[in-house]
Structures are given as structure tokens and as C-alpha cells.
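Enquirer: Okay, structure incoming, though there's no sequence with it:
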């Protein structure tokens, strides 16, 4: 069956690597994806190819054209039955579909995701029966939603939001009001030009003057028939961005704008006609938690999106490195640049990282889906699970976003000048991924959620308690004190690259960073700092490194678990090398100081061994790199790069790309301005 | 006089920092720039403001519009007398003008620089009297030049170029030919749409079939009156790029295209009418060196351009950080985000780096200008000086490009969501700077020139010879063996931050890395590797780190020398802190492993001290940061960022930027496609 499922690539300059790979790439692909999902994606490709608008984008467009094009793409996607039911598919298909759609068009998919999926998810999780009509209207494409949380003056600090919703007993309406421009809702995807309805977070105030904290409302924004905004609203577009320009991010200012009482999403709290506030949740903090709790999904999804971007970039750069020849030991034969140690060291750690983030994202998506299902089925809450997902996703989103950022940039540079062409695809990947480092929680602020959660466990470690969590990310804390007594013991490279040994180093790193972060915090308190300041003065070398080492350890374990199920020894071997390279490269880049500070290593040998191991792994993986990207690569029409096509015919694709551009050889319409330059004197 | 020269900034939210700075920012500005140059720049600002086209760029444009706009800007700049004489000004004014022009419009300035300045410089340095008419025509704007070196298949490896120039005795012409598409000249700035003439590097072949290596020719490309290319040439545009889209990078394929014999730039070699090759330089390697020798200027200039980008980014991010308030110790008062240790640690090292790269670039520009003057005056060659400038610029361009890359990205993220707006300016800075990491020599390949040069000195160190160089970058090698015996001796933070002590650490780093790189290379040779392979297998942890530490040491010294001339103690203090922060932060980020590998440090104390020193420096510099960027900041109309204006009125500028955008609140022309979605069914 696999013979029919996965076709060989066309022969070409990459054959030399494909023929000599140490493993069967089709077998690895089936192991990672399953035949069912490979087939599911193939069907999706076929479906997409029926709609030319989805994959034929003009090279150069104005912002206005990009927006128009994205809108049409979004509605075209929504008209495909298998895609319209996106958020209802099973989790494996859902991951596969996200991979395909985010590869196809990031802006259209994000627009669809925030205008449709996020709006529906919020209404369903925060609203009640009386709000179901919005969901129905959206599914019938009568309206378009959006999600208004961030304000001009406050983003990641969600509690600082200042939009007010004051209940008016006389009219039985809420009066939405933005006190000033800094309280304008902004960065709202889909609001700039398209949304007819918004979910709006605002501070609920009852007639008695009491502030009840952030609550959510469904707010009509534009008339769906004329697309004109309703009076009392100033709504507009935020203009061009560094990337994702198909998404119309908007802002809105409410000027004593009235909405019906029933538009409060009242699952957790309500205001009755007389203005009485009714809620089962008494604690304002908990109320905040409830109203913002849905944000884990966003972070988990961004982890996955970052993987998609990184996998595209590394596919492009490695295929190009297998084709592009430069220099050589004598003046006769040049070598493909992947043969150079330096080039291997630039790219292969990011290939290893891509595999890790793939497994990390999939594991978290599955756990998060389970948690959401539990809520939708009204099963009793599993707050341990929710908290662990919160901690994991608050670190996985930063580490994935940053790794993709650095990896895409390295790929761009590793492709040299041609990597700077828009047609390489790398610039757009960088600009689109850039948003991942900020939205759904600024990375540096977000990651503190993880370290804060971890710090709670130190007293349990100290008292040698049994520690375990639903996703097992901290089970090793049970042995925390023993782990802290371990040292670096490897005496040769072979020992250093053993996966279990690398995971042990990370266990020590997490435990040590936990210990030292905790004690620095205590020291700060003793110095007289308030807890807020004590925590902030603790970030740079402690809390942040703790959260990073923790998520890396979790990610290494996800890879390790996968390896145990590998279908044959050759696949086990190559995946183990990727695990080792990712683990050791991250130590070399980020954690060497800590190893010496904590006394885990001493002398010159540990670093020498780690560095030699990295170079050895690079040399060993190099020959398999093309096949390893073949496994995770998207079809050419989705990869969409002149440098990364599966056939390796880089120079043919480059030439076509130049020649087919509409302006390539035509004299510009304004050519006379190159001859007569009298305009250049025009002064004020 | 300074009272008239430098005006106070408007009062606003940044006052709290400006009022409490520990030094007089106007005094520092005059110290760094001199009153003459401040005045010179002011004149230039006034001149530029007379031409609206120079500073009023539409927000969103097609590639075609961007190109047209850039062309008009270039010719407008060339019509300003003080700018037209750009390359003839004295060196201080030349640096000042470059700063202003690259800040004003990178694409127009690069286009001007390659189409005019680089063409003229090449013709003057490689040609003879018979080529002066090209220079005259160019200065009279009758023609437009460009510089064709890179080919599709070869860039940084210039010797691999395959364009041929075969002399034909019968017609007394050279026949230019591109054997295939991979030999097409490409990445030629200004060639895509505008150039009428090109300097072309090609392999010269005489009628006897002998290949004489790369030579340069002036080649007519387009008819200056019709702007149509001549027959026998396929010339076109490479299309959209990741940045610098105003520059029309082009490619050209020669199809047995004939040019006159006299079009050979014949300063170093010539072919007589009968086809005899005549050259004073017999060695092919030296001939290559001669024909490519002019590239140092490009690298020195890019060092400076990277500084300009970084200084813009850090100005924006620090001013915004002084205004933007988030969170706080209690729920009442929020703190400006620059008050947070984490934020200080994200930004301040790049502020320190900006100052260092500024001094580094200026020092190299001055040395390089001196070297060029010497050549123009036909003074005897100073090859020691040329080689040192080559080694320094081959490392300064990478370190500056990479530091700007990382710094701009950190600034983008540190400005949160609003940093993702095009109006913040940060995305464009990133995309434009990105090219700096590739053109004029791919950074990783380029930096090997530096390490190769340094390696020559190890045998001299070993034999305790007196070592000195014109720019003194390696004078400390004289004490190399003693330096290798030094250890980290500081026992408290106060000792760690002493500039001399930090420079000592770098001296040890360079000497140790030189020693270990040399010995690894020897080991590789002993293992049977050829020299080419032995060098390549030596890059990752050795050669590359060596070149980086070397240029950092030089840069720290440039700063140190500047500090000695400081006009008062408060300025000395704050500059010393910047020196210490840059030096220690770079150690912490890049060199800790080496310190332990080489036995310079042991135990946990050194790292603890270095990290504590970094945090202390951040805390101390924080209050001065706004004034430190005020010193290097450009006027608002050049900084051109809604987040970075000198008045600190971020939210007013943001609001204006939204409202003034043409599409902000207008319903899109295609609004009906949001109501009637029937197009979404259109299948193939």
C-alpha cells in the first residue's frame, strides 16, 4: 500500500543523498504520520488544487489587493466541506489539516481561525443557549466574528484592560465605553475590514458601581448587508505590518455604545434585569482565570505553527545545500555546501529541532484536545491537567517561536543571496513567524507562567515527596535531591550521545535551576523586596533558563518516547541522533554556564566532549539530512520555494521565476523618468 | 554655541529619565560628533526638507511603485550639490552624510552608491585615461552604471566566475559570453531596470587560448535614450526581495556580445591589438587580488550601515520602553517597562553594542579612506595596512551585521505587538539589514579571511617576536605567551567591570583561540587531511570564535581610546559602563565555554561574578539609557517610527498613524465580496 501512497521524487542532483540514506524514508514517514493521515492529506491536496485562487498568488500586491485576495481565499476554504468542519475533525486529521492550511496561506488560515473558529469556541465555552444563533449565523456565513481582548495600552497584562461595560437598568442594556484611545481594543484579527460581530472583553460594572472584572460580550460591529459600522463605534484598520498582511487587524473605540443585556456571555456570571450580579464564582482572580482560560489552545496551536514554518525553512535550506556547490579541495571539483562542517553545524541542529518541536506540538495538541473535550462534555475539571498544559504551553510557545525565528534566519543566511529573493519563501516565513513571538502572550512574559508554576514544587522536592503530573513533565522531581547530586560522568563521545545520558543532564539542569531560582527569590525577599520585585529581579539568569530547560527536557522525552516505538533499528538510530544533536546543541548554546556554576561539570573535558559529539553527530546526520527533510516536507505547491523544490533543479526554477515575473524584462512604464530627470529639481 | 546647536526635546513622558541622567547629553553629543559635523548635518536636514519626495513615502506600494519612487529619490539626491559630491567630501562629513542618507532611504542610497559611486571608483582604480569619459558622462547623469561580479552559481567564491571575455583579433573586440544560466551575472544593484553601463568581471581569454583570470570591462547595456537593452544581451530584473525593494537587482546573460578592446579596464593588464596579453603582474593569484581588492570599502561601509540600523532600532525600543507602562508591584501604579531587569537585559547590551560598532566603523572608515588616498596619490603601497584592513573589515562586517540582526529583532520583540506594525519601522530595518549578512561576502565565509590572517602570527608568538601592525590590532601578540599564562583573578564585581580587566580577558581569548585553532589545524593535517579540508574541519568552535573575539577586542579598544579623551568624568563613567556591558555580555553569550576549556576560569565564581556584573551594569545604565539614545538618535523625520519619536507621545503618534492611513476607516472597494460569496465555489 505504501508504494501507492508515497511516490519517489524525480531524479536529479539530490539523488546522491537520497540513494545513500541509512534509513527508508517512506517507512519513517508512515511511522510518523500513519497511512490514514497520508491519504487524508492527499485528498486535501486534490481538493485544494481544484480552486486556483488558493494557490496562485500574484508576486507583488498592494495591501488592498492582499486583503481582497485573502478574503476570497478564506471564503473559498470555508466552501470546501472537509475544511468547513475543521474544528470538529478528529485530532490527527485536525493536526494534518492545520499543517496543510498554514502552509498554503498563513493569513487566510489565521483569518479563518480567528473570525470563525475562535469566535465560535468562545461563544460556546462562555455563552449559553441564547447565544447559539450567532454560531449558526457564522456557520451559514451570514456574519463574521472577531475576538477583542488586547487594548492599545495593555496586551499581555490582560488584567489591565479598561474597556467598560456598565449595566443600565432603565434600558436593560450594557453601555460599552472606551475611556480613551489607550483603552481602544486593538490587534483584533479580522476586525479591520471584515468583522460584523465581536467577542469583547470588558470590565463589568453594575448599577451599584461595583466592578466585577473582565467579562465577555457579543457585540454587533457592522451591518452584515452593507458592511458599514454601526453608529457609536469608531472601527478601523491598523495598517500594514511586518508580516501576515492578509489579516486585517483592527481597532475599535466604543463611545457609550449600547448592547442588549443578553449579549453578555453568561455561562459563568450574569446580570439580571434589575442589575443584580449573579455568579457562582466569588473570587475575582478565579473569574479572570475563567474568562481567559481558553488561551492555552492558542499557545498550543502556535507551537505547531512555529513547527510548520521551521520545517518549511529547513526543507528549503537543506535541499539547496545538497545542490549548491561552492569551493572544493582542488580547483576542479566543487563540493555541495552541506559537505562543509560549518554548514552542517548551521543547519542540522535546526533539522533536529524541527523534529522535536513537531513531536512536542503534537503531544500538546492531543492533551489540550482531551482537556477541551472534557469541558465540552461537562466532565469534572482536571485542574492538575489544566495547570500542567498551561505551564507547558506557556513555555512551548516561546521556545518554538524563538527556535523557528533563529532557524528560519539561519536558513535564510545559509541560502546566501538567493535566500534573500522573495521567491525563496524564507523572508515571508521570517516575517510571519515573527508574530508568534508576541501574540497570545509576549514570549518573555509568558514564560514566567511556567517558572512560577515550577517553583511551587521545590518545597515538595525538599521534603522528598512523591511528585507526578498527568503529562509526567515533572515526575522526575520525586528524585530531585538525588538528581542534584549527580555529575557529568561521560568520558568519551559515545557516552555523551546516549539519549538517556542527555536526558539526565536536563533533569539535573531543571532541578538545579529550580533550586537556585527559588533560593535567589528567597534572598530577594530577605533583602526587603516585595514579591513582585523579588520575582522580577530573578528572571534573567534563573527563572527564564529554568522554564527553557524544563520544556526542552519535556521535548526530549517526547522524542525519546517516539523512538521507542520506531519500526526498525535504522530509524531508531537516526532519530536518536536527532535527539542527541538537539539536546547537546541546546546545552552548548544556552546552558554551559549553569553546568559549571552548579558544579555538574568541571575542567575542560565536558565541554570538549560535548562539542566533539556535536560535530560527530553533524557529520553522521549530514548524509541523511535530505531524506529527513523529505519525510517532513510538504509538496512543492505548498512549499512554494524556488530553492526547495523536491527535484533539486534549483537553477531551472530560479530562471523560470525570473523570466515569468511580469516586470522581468519589460521596460518600466515610467522609463522616461530615467531619461529626463527634470523632476529632480522640484522643491517646496 | 552648543545652546544654539542642539535643542532640548519637547517635554513629555520621557522627562523623568532625561532630567535624572548622570551626564550632560549635549556635551557627549558634541564630544562624539564635533560642532562642525552637527552643523553640517543640520544643513543637510534643511536641504532634504526642501524636497518632499525625499521624505514622504506612501505607506503601501507595489514593487513597481517602489522602484519608480526610488529612482526619483535617487535623482533628487543627486541634484543636491552637497550630496552629488558625496565621495569627494572629507571623511568626517562623508561619515555624517552616509548616516543621514542611509537613514533617509536605504534603497535610494544603495542604488546611488552602486550605480554611481561604486562604478566610478572601479573605473578610476582599474581603468586609465581612456575610460574617464564614462566618469564624466555619469557625473552629468547621461548614463547610469552598475557592478557585475556575482553569478547565479558563484558569489562569495569569486574565483569560480565563468563569464568569458575572448579577444577576437579580426574585429579587435572582446566577445563576452555566458556559457549557461548558472554563469549569468546576478544580484547586480541597479541593473534590473536602470543601468546603461556595467563594470563586468570576466575570465579573459587571449587568441592563443590562454586563460588570464578575472579582468574588468566596461560594457554598454542599454541605450541611454530609449532605455532599451542592446541586442545580444538578455537583461532583466530579479523580482521582489526580502528587503531593499527599491533597488532593482538584475541579471544579465551575454550571448557572444561584442565590446571594443578599449573597454578593458587596463590599469593592471592589457591586451594589445594583436592579442598579446601584457601585465606587470605575473601571478594569477595576485591578479585576482588586484581585481577584487576594492571590496574592503564595501565591508567597511556595511559595518557602518549596520550601526545605523541598530542605532535606529535601539532608539525606538528604548524610548518606547521609557514610556510604555505595564504591571507593577501593586495594582495601582504601573511601571515603565525599562524598569524591569529582564527588559534592561534585553535592550541595554544592544545599546552598548551600538556605541561600540559606531566607534569601530568610524575607525575603519578613516583607516580605509587613508589607504584609498594613498593609492589615488600613487604613494608606495602599504601592504601591512591593506592586509590589516582586509582582516578587520572581514570580521567587522559579520559582527556588525549579526549584532544589528539580533539587536533589531530583540527591539522588535521588546516593542511587543506595536513593534510589529510597519509604522514602528522595525520590520523594515530587519529586512534591510538582513542583506548585510550576505552581500559583499557571506558572513561565515568572509570571517575565515580574518582567522586565516591571524593564524600566520602564531609562529611569531611562539618565538617571542615583537609584533605590531599599523592599526595596532595585534600588538598584544608580542606578549602572547605571557597572556596565555594569565587567569581570571577578579574576586568582586567592582574588579570585573574595570575596562582594562575586560580587555585582558579578550586578549587571553584571542591568544588561546589562536593557539588552539592552530594546533587543531596541525592535528587535522597529521590525520592526513589536505589543507583545504583541515581548515574547514576547524571552523565551528575554533576559527570562527577566534575571528569574533579578535574583532570584539579591537572594538573594545576603540571604545577605550575614545573614553580616554572624554571631556568630563561623568561621560567617562557612563561610556566605561557601556564598554563593560558590551564586553561582559559578549563573554556571557559566546565565550564562557572557551574560558573553561582553556583553564582561564574554574569553579562557579567567575560566571557568577560576570553575570552579577551584567545585572548591576544594566541597573546602573538604565536611568541613562534615554539620554544615551538621545545622543545618537536621528531627528524624528529620519527615525520615522510611531514608537520612537523624541517627544515620547507614543499613543498620539499611534492614533495619528492609524487614522491617517488611507484605508483606515473606509469600506474597501471590494466590500460586496464580503456579502455575496458566490465566487468561493469557482473550481477549475
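Expert: The structure has been received and is ready for your questions. What you see is a predicted model; the values in this text were computed from it and never measured. Numbers count the residues shown, from 1 in each chain, chains lettered A, B, ... in the order given.
Enquirer: Now do the residue lying closest to residue A:604 once chain neighbours are set aside, the pLDDT please.
Expert: Distances taken as CB to CB, 6 or more residues apart in numbering or on different chains place residue B:597 nearest to residue A:604, at 4.4 Å, with adjacent residues excluded. Glycine gets a C-beta too; all of them are placed from N, C-alpha and C. On pLDDT, residue B:597 comes in at 94.
Enquirer: wait, residue B:597 sits on residue A:610?
Expert: No - counting by CB atoms under 8 Å, residue B:597 does not reach residue A:610; the two are 10.5 Å apart.
Enquirer: Quick check on these two: which one has the bigger neighbour count.
Expert: Using other CB atoms under 10 Å in any protein chain shown as the criterion, residue B:597 and residue A:610 rank with residue A:610 on top: 25 against 22.
Enquirer: Assign that one to helix, strand or coil.
Expert: Taken by DSSP: H, G, I helix; E, B strand; the rest coil, the conformation at residue A:610 corresponds to helix.
Enquirer: Kindly report the same for residue A:187.
Expert: strand.
Enquirer: Enumerate every residue touching it.
Expert: Residue A:187 sits next to A:150, A:155, A:238, A:249, A:251, A:439, B:417 when contact means CB atoms under 8 Å, 6 or more residues apart in numbering or on different chains.
Enquirer: So what's the residue count around residue A:235?
Expert: Residues near residue A:235, counting by other CB under 10 Å: 23.
Enquirer: List the contacts of the residue nearest to residue A:604.
Expert: A:604, A:607-608, B:516.
Enquirer: who wins for neighbours among the residues you listed?
Expert: residue A:607 leads the contacts of residue B:597 on contacts (other CB under 10 Å) with 23 neighbours.
Enquirer: can you tell if the helix or strand where it lies touches chain B?
Expert: Using DSSP states H and E, residue A:607 falls within helix A:605-622. Yes - Helix A:605-622 reaches chain B (CB under 8 Å from any CB of the partner chain) through A:607-608, A:611, A:614-615.
Enquirer: now stretch A:38-56
Expert: Yes - on the criterion CB under 8 Å from any CB, stretch A:38-56 is in touch with chain B at A:49-53.
Enquirer: Can you list the buried residues in that stretch?
Expert: A:38, A:40-41, A:44, A:47-48, A:51, A:53-54 (16 or more other CB atoms under 10 Å in any protein chain shown).
Enquirer: Check the offset of it from the chain's centre.
Expert: Distance, stretch centre to chain centre, for stretch A:38-56: 23 Å (CA atoms, centre = their mean, to the nearest Å).
Enquirer: Name the SS class of residue A:329, please.
Expert: Applying three-state DSSP: residue A:329 is coil.
Enquirer: If I look at the residue lying closest to it once chain neighbours are set aside, what pLDDT would I see?
Expert: In space, and not counting its chain neighbours, residue A:329 is closest to residue B:532: 4.3 Å by CB to CB, 6+ apart. pLDDT recorded at residue B:532 is 89.
Enquirer: Count the neighbours of residue B:532 for me.
Expert: Residue B:532 has 13 nearby residues by other CB under 10 Å.
Enquirer: so after the strand or helix carrying it, what's the next helix or strand?
Expert: Of the helices and strands defined by DSSP H and E, residue B:532 is found in helix B:531-536. Using DSSP H and E, the helix or strand that follows helix B:531-536 in sequence is helix B:544-564.
Enquirer: circling back to that earlier point, can you tell me which of the contacts of residue B:597 is nearest residue B:182?
Expert: residue B:516 (38.7 Å; CB to CB).
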